[in-house]
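A.B. asks: Below is the structure, and that's it, no one-letter string:
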């Protein structure tokens, strides 16, 4: 008997509970992705940039000068400047490996990223299951440590590719521009223009990997409890991919998916995935509970307009809290501006909103003026 089945048997009435209208989401707060991006920046990007500023930029003038001499003279080795450049970049790679070891990265990722995601995921899943069951059933799962170890090893390899690609890019930029006869200052300017792209790439990796880790932990926790099926829940904003929104709509209409048989997320290729497994996917799996979600009848009605509106304001309150915790100096006008996309999606999903809103405003106006509506 699974832990979930045992709890349902002991609590008796829990098996006859109805799923509440609003179930809290387990979408991981963005702060964890930002923390990981900050780690990558502080321990990799800053070091990378410092090495290029110290060991590469000062040598550009001599490399350009050597190339000019080679092109003007038959006695100068045409390849000498290119050899010098290769040696400089090789030295930069060596210095980078000495400055940031795999062991140090692994310890930082485990302590600053994995631990935070595990704590947040535990709280989110505990809150969600308590809302559905009315009892607290989530316990420790020793299998999570092996999952965490795999995540750490994979991510050390992943983020170590950033400096490899960066130094390759720097070498290609210098080779191409020197051969084109450009000056050292122009080459330096082009090198610096490439920097923002690597900073953005670090943010993308961080957001994607933390979301993937959280979804993997949720899947493990569900498996340990004997939960094998779920409702697909999308994030409900305008950044949700059309196919993922379609899966969310299917679950809102009662469609249930199984972890062992994930749905198709790319119709063109037939690729399948569970929530959170696709690149930068923020969707989550809402557990299907035997006895609460009747396995004989895998359908349930879509929420009414009133329920959807109430859920929107609950989610808005959560987003507002997260926003001001992350940026305490921000104003309410800034939050309202960010919230516009969520409002637009809600109106798009509920076309009756405009008519209801118009009728409500008209009723309020009649009440204030004491007049009756025209027939």
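C.D. replies: Great, that's in hand. The shown structure was predicted, so the numbers you read here are calculated from the model rather than taken from an experiment. Residues are numbered from 1 along each chain as shown.

A.B. asks: Please work out how many residues are found near residue 367.
C.D. replies: Using other CB atoms under 10 Å, the number of residues around residue 367 comes to 9. C-beta here means a position set from N, CA and C on the backbone, and glycine is covered the same way.

A.B. asks: ok, now residue 96?
C.D. replies: 20.

A.B. asks: Just list the residues touching it, thanks.
C.D. replies: Residue 96 sits next to 47-48, 51, 163, 167 when contact means CB atoms under 8 Å, 6 or more residues apart in numbering.

A.B. asks: likewise residue 55?
C.D. replies: Residue 55 neighbours (CB under 8 Å, 6+ apart): 88, 91-92, 95.

A.B. asks: ok, back up a step: can you tell me which of the contacts of residue 96 is nearest residue 175?
C.D. replies: Checking the contacts of residue 96 against residue 175 by CB to CB gives residue 167 as the nearest, at 12.6 Å.

A.B. asks: Need the pLDDT of the closest one.
C.D. replies: Confidence at residue 167, expressed as pLDDT, is 95.

A.B. asks: Burial check on the closest residue to residue 236 other than its chain neighbours, number of neighbours?
C.D. replies: In space, and not counting its chain neighbours, residue 236 is closest to residue 345: 6.3 Å by CB to CB, 6 or more residues apart in numbering. By the criterion of other CB under 10 Å, residue 345 has 18 neighbours.

A.B. asks: so residue 287 touches residue 230, yeah?
C.D. replies: Yes. Contact status for residue 287 versus residue 230: in contact at 5.6 Å, counting by CB atoms under 8 Å.

A.B. asks: Find the residues that touch each one of those two.
C.D. replies: Joint contacts of residue 287 and residue 230 (CB under 8 Å, 6+ apart) are residue 222.

A.B. asks: just to revisit the earlier point, Serialize the contacts of residue 55 to TSV and add fields for pLDDT.
C.D. replies: Formatted as TSV, those follow (pLDDT from 0 to 100):
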residue	pLDDT
88	94
91	95
92	95
95	95
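
A.B. asks: Which one of the residues you listed is nearest to residue 339?
C.D. replies: Among these, residue 92 lies closest to residue 339 (CB to CB), at 45.2 Å.

A.B. asks: got the contact list for that closest one?
C.D. replies: Taking CB under 8 Å, 6+ apart, one finds 51-52, 55-56, 167 in contact with residue 92.

A.B. asks: Put together a markdown table for the residues you listed, with secondary structure and distance to residue 281 on each row.
C.D. replies: Formatted as a markdown table, the contacts of residue 92 follow (DSSP: H, G, I helix; E, B strand; the rest coil; distance: CB to CB, whole Å):
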| residue | secondary structure | distance to residue 281 |
| --- | --- | --- |
| 51 | helix | 35 |
| 52 | helix | 34 |
| 55 | helix | 39 |
| 56 | helix | 38 |
| 167 | helix | 31 |
